[in-house]
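Enquirer: sequence plus predicted model, see below.
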Amino acid sequence: MSGTKEGVTTMRDPDVRNESFFAVVVRKLRRNPIAIVCLVTLIVIAGAAIFAPYVAPADPNRPNLPARLSGPSAEHWFGTDHYGRDVLSRTIHGARVSLTVGIVAVAFGAAIGVVLGLLAGYVGGRVDTIVSRLIDTMLAFPLLLLALTLIVVLGSNVTNVILATGIATIPQFARVVRGSVLSVRELEYVHATRALGARGLRTVVKHVLPNVTAPIIVMATIYTANVIILEANLGFLGFGVQPPEASWGSIVNDGRRYLAQAPWVSVFPSIAITVTVLALNLFGDALRDAMDPRLRS
């Protein structure tokens, strides 16, 4: 279809106009170089974590006291720690723990938070009041303090760290989903499905939930970065995974006493945390822009 206006020819491609929402998101991400770089970075980090036993040059827990606190070299690219363990190998294996905690905890928190948000936003009334007060109570605690409290009660291991950090993210997801549902449930097509006799659960699953999926996906991306930082903080404070298992936070804590003598022990895992969190946040921002229907052309 083409037309002219004030001497300028305009054309509209029907294929672009009829693109699905997913196709539009992918097209926008492909045109964003920052999103591509961040995605490639995350794929590399995730690949190294998945194949850590094959990628790591040495056993991350094997001590080598004659080589303790050795600087970066051809044999040990990231140097060694106070037990002579290879920092590069520990950083790669630490990625497995940190990424696992980040992804699984956010999935757990999102699953429960979405259900609570849907109930509060769609049902309303007393259910909304109870869920909202629960969310407000949990949000009154800082994320780190809430996770620390749960870790003290549950104990320090990977499963409990995932459970604690996952519970700490529930109110954030519930609050965002509740706000989205409150606006979606007043749209005309939702009223139409009710008028046609559709039950509440069917309406929520088929018509309300798909329209609040975009903010959930964006939140999950950004909060994965937040949970990785939270897990690193717990590990640094000694409440994360316990030795000899490595996580980025625990490695940084191991090198804290040797910062003047061997800064590489803490610096390299800190760089890994920074790069991963920055890539997740920038990709989350790009994903948010790509999913924003107001920016769809």
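Expert: That came through fine.

Enquirer: can you pull out the helices in the stretch 151-297 of the chain?
Expert: 158-184, 188-195, 200-203, 213-236, 248-255, 264-291 (DSSP state H, counting those that start in this stretch).

Enquirer: swap in the stretch 1-150 of the chain?
Expert: Assigned by DSSP H, counting those that start in this stretch, the helices in the stretch 1-150 of the chain fall at 14-17, 21-30, 33-50, 52-55, 87-118, 125-139, 143-154.

Enquirer: quick check: R90 touching H82?
Expert: No - under the criterion of Cβ atoms under 8 Å, R90 is not in contact with H82, lying 11.9 Å apart. In this view, the C-beta of every residue, glycine as well, is placed from N, C-alpha and C.

Enquirer: can you tell me which of the helices of the stretch 1-150 of the chain is most buried?
Expert: Among these, helix 87-118 has the highest mean neighbour count (mean count of other Cβ atoms under 10 Å), at a mean of 23.

Enquirer: and the residue nearest to the spatial centre of the chain, what is it in contact with?
Expert: The structure's the chain has its C-alpha centroid closest to T224; by Cα atoms, centre = their mean the separation is 1.4 Å. Contacts for T224 (Cβ atoms under 8 Å, 6 or more residues apart in numbering) come out as G102, I103, V106, L280.

Enquirer: just to revisit the earlier point, so can I have CSV of the helices of the stretch 151-297 of the chain showing distance to L119 and mean pLDDT?
Expert: Listed next are these as CSV, based on distance: least, Cβ to Cβ, whole Å; pLDDT from 0 to 100:
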stretch, distance to L119, mean pLDDT
helix 158-184, 9, 84
helix 188-195, 16, 60
helix 200-203, 10, 63
helix 213-236, 15, 85
helix 248-255, 35, 85
helix 264-291, 24, 88
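
Enquirer: L148 is nearest to which of those?
Expert: Closest to L148 of these is helix 213-236 (Cβ to Cβ; 7.1 Å).

Enquirer: and the closest one, how far from the chain's centre?
Expert: Offset of helix 213-236 from its chain centre (Cα atoms, centre = their mean, to the nearest Å): 3 Å.
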